[in-house]
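Enquirer: Sequence and predicted model, in that order:
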Amino acid sequence: MTTDDLLLDPSAAPEGFRAGFVSLVGRPNAGKSTLTNALVGQKVAITSSKPQTTRHTIRGIVHREMFQLVLVDTPGLHRPRTLLGQRLNDLVAETLGEVDAVGFCIPADEKIGPGDRFIAQQLAMLNRTPVVALVTKTDKANPAQVAEQLLAVTELGDQVLGPENKGTGFAAVVPVSAVKGHQVEDVAQVLSEQLPVSPPLYPSGELTDEPELIMVAELIREAALEGVRDELPHSVAVVVEEMNLREDRPQDRPLLDVYANVFVERDSQKAIIIGKGGSRLKQIGQQARTGIERLLGTPVYLDLRVKVAKEWQRDPKQLGRLGF
Ligand SMILES: Nc1nc2c(ncn2[C@@H]2O[C@H](COP(=O)(O)OP(=O)(O)OP(=O)(O)O)[C@@H](O)[C@H]2O)c(=O)[nH]1
């Protein structure tokens, strides 16, 4: 069974499959991009030249047998100098609050500095999002230095994200060399352990050729969550089943047909998405369609179906978070 088959029937995902969004953060030069590429592999790395239409730009998707990590960029942490005080705090909390886990990159070959500490303090505000510390570029340090850095990083976690700030430190600390390919799979594995039990969020094939498909699904998901994010934080998945230019249209008046399924876990959630007399679904469709048209520059016919994929999150922790 391929990932795509699973997407057609999310309840067919293997027991314990996990999927979710991960943001790699860290000060400039910490090795985020290199690690992203090493994790994703060339084949599916997405470097979309499209304008950023969602709050998170997808940088790449890591597909494995038992998990799918969607690596996203998070604005805010990259330019602390241009955003001050509460505004920055809000932005970081808002955008990072939406990911399932954060990978915090700290180079093995440089002392922990004020930049790292600053970012750790920002991360401390995300009280529920697990943070995995990644000690990068281990090939540039000798084993003793790496060991020392692992200790220093653990200590930073205990201090800044520790009990004093109602936290439990870093969820894990993992050394990695993206350039040498050392422990890259361990990073993927440890990050995946922080994700909710969920079927894959995106199809596995041809992602480089069709970043549009992902962007379109994300636009629909964003629209579906608008205003109900608190009620349905992680229980909405969108799969674009078909996206084709309609045949027999005059060349100067193209129309793109988009068929997409919005998956929720329960009938009650389906009711929320659809709204009274279908009013919310109509709104979602309009908002998503406008976004897709803006993204692709083509008029769009959007067909949205809402489907219940029962129990696609069997993890008790997740269910708790959803208020069950
Ligand atoms: N030796 C070695 N060098 C690395 C490794 N990872 C990254 N680098 C180098 O470190 C530099 C910065 O890496 P990037 O991946 O661009 O870092 P970044 O965090 O994305 O940087 P910004 O885009 O500035 O935020 C580059 O010259 C990389 O080649 C590694 O595992 N080993």
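Expert: Done, it's in.
Enquirer: From the ligand, how far out is V72?
Expert: 14 Å (CB to the nearest ligand atom, to the nearest Å). Where you see a C-beta, it was placed from the backbone N, CA and C, and this is true even at glycine.
Enquirer: Can you tell me who that residue pairs with across the strands?
Expert: Assessed by DSSP bridges, V72 has beta-bridge partners S23, I58.
Enquirer: so it touches V99, yeah?
Expert: Yes. Between V72 and V99 there is a contact under CB atoms under 8 Å: 6.4 Å.
Enquirer: Any stretches of this structure with poor pLDDT?
Expert: Scanning the chain with the threshold set as pLDDT under 70 gives 1-12, 41-59, 73-93, 127, 203-211, 233-234, 310-324.
Enquirer: in it, what residue sits furthest out from the centroid?
Expert: Relative to the C-alpha centroid of the chain, counting by CA atoms, centre = their mean, P250 is the outermost residue, at 38.7 Å.
Enquirer: where does that one fall, phi/psi-wise?
Expert: phi -60, psi 150 (degrees, to the nearest 10).
Enquirer: who in the stretch 151-300 of the chain is up against the ligand?
Expert: S177, A178, V179 (CB under 6 Å from any ligand atom).
Enquirer: at 8 Å what do you get?
Expert: V176, S177, A178, V179, K180 (CB under 8 Å from any ligand atom).
Enquirer: Narrow the residues you listed to just the buried residues.
Expert: V176, S177, A178, V179 (16 or more other CB atoms under 10 Å).
Enquirer: Find the pair from those with maximum spatial separation.
Expert: Largest separation among these by CB to CB: V176 and V179, giving 9.8 Å.
Enquirer: coming back round to it: ok, so of the residues of the stretch 151-300 of the chain next to the ligand, who is nearest N244?
Expert: Checking these one by one against N244 (CB to CB), the nearest turns out to be A178, at 37.9 Å.
Enquirer: What helix or strand is whatever residue of the stretch 51-200 of the chain ends up closest to the ligand located in?
Expert: Nearest to the ligand, among the residues of the stretch 51-200 of the chain, is V179, at 3.5 Å (CB to the nearest ligand atom). Using DSSP states H and E, V179 maps to neither a helix nor a strand.
Enquirer: Next one: it from T34, what distance?
Expert: 6 Å (CB to CB, to the nearest Å).
Enquirer: try G167
Expert: Counting by CB to CB, the gap from G167 to T34 is 28 Å.
Enquirer: and what of I274?
Expert: 44 Å.
Enquirer: what do you get for L225?
Expert: Distance from L225 to T34, by CB to CB: 32 Å.
Enquirer: Between the two, point out the one with more neighbours.
Expert: L225 (20 against 16; other CB atoms under 10 Å).
Enquirer: how many other residues sit next to L151?
Expert: L151, neighbours per other CB under 10 Å, totals 11.
Enquirer: which helices and strands does the strand or helix carrying it pack with?
Expert: Using DSSP H and E, L151 maps to helix 143-160. Judged by 3 or more CB pairs under 8 Å, 6 or more residues apart in numbering; DSSP states H and E, helix 143-160 is in contact with helix 114-124, strand 131-136, strand 172-175.
Enquirer: I'd like the ones you listed laid out as a markdown table, including mean neighbour count.
Expert: Supplementary listing: the helices and strands packed on helix 143-160 in a markdown table, determined by neighbours: other CB atoms under 10 Å:
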| stretch | mean neighbour count |
| --- | --- |
| helix 114-124 | 18 |
| strand 131-136 | 27 |
| strand 172-175 | 22 |
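Enquirer: among the ones you listed, which is nearest G103?
Expert: Of the helices and strands packed on helix 143-160, the one closest to G103 (CB to CB) turns out to be strand 131-136, at 5.1 Å.
Enquirer: how about the CA coordinates for the closest one, as CSV?
Expert: Provided in CSV are the C-alpha atoms of strand 131-136 (Å, rounded to 0.1, in the frame of the first residue of the first chain):
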residue,chain,number,x,y,z
VAL,A,131,11.1,21.2,21.6
VAL,A,132,13.8,18.8,20.5
ALA,A,133,17.3,20.3,20.6
LEU,A,134,19.5,19.3,17.6
VAL,A,135,23.2,19.7,18.1
THR,A,136,24.3,20.2,14.5
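Enquirer: That one versus helix 143-160: what angle between them?
Expert: 160 degrees (axes from the mean of the first three to the mean of the last three CA atoms, to 10 degrees).
Enquirer: which outside residues touch strand 131-136?
Expert: 24, 26, 30-31, 34-35, 101-108, 123, 146, 149-150, 153-154, 156-157, 161, 170-178, 187, 190-191, 194 (CB atoms under 8 Å, 6 or more residues apart in numbering).
Enquirer: Any idea how far that strand is from the middle of the chain?
Expert: On the basis of CA atoms, centre = their mean, to the nearest Å, strand 131-136 is displaced by 17 Å from the centre of the chain it belongs to.
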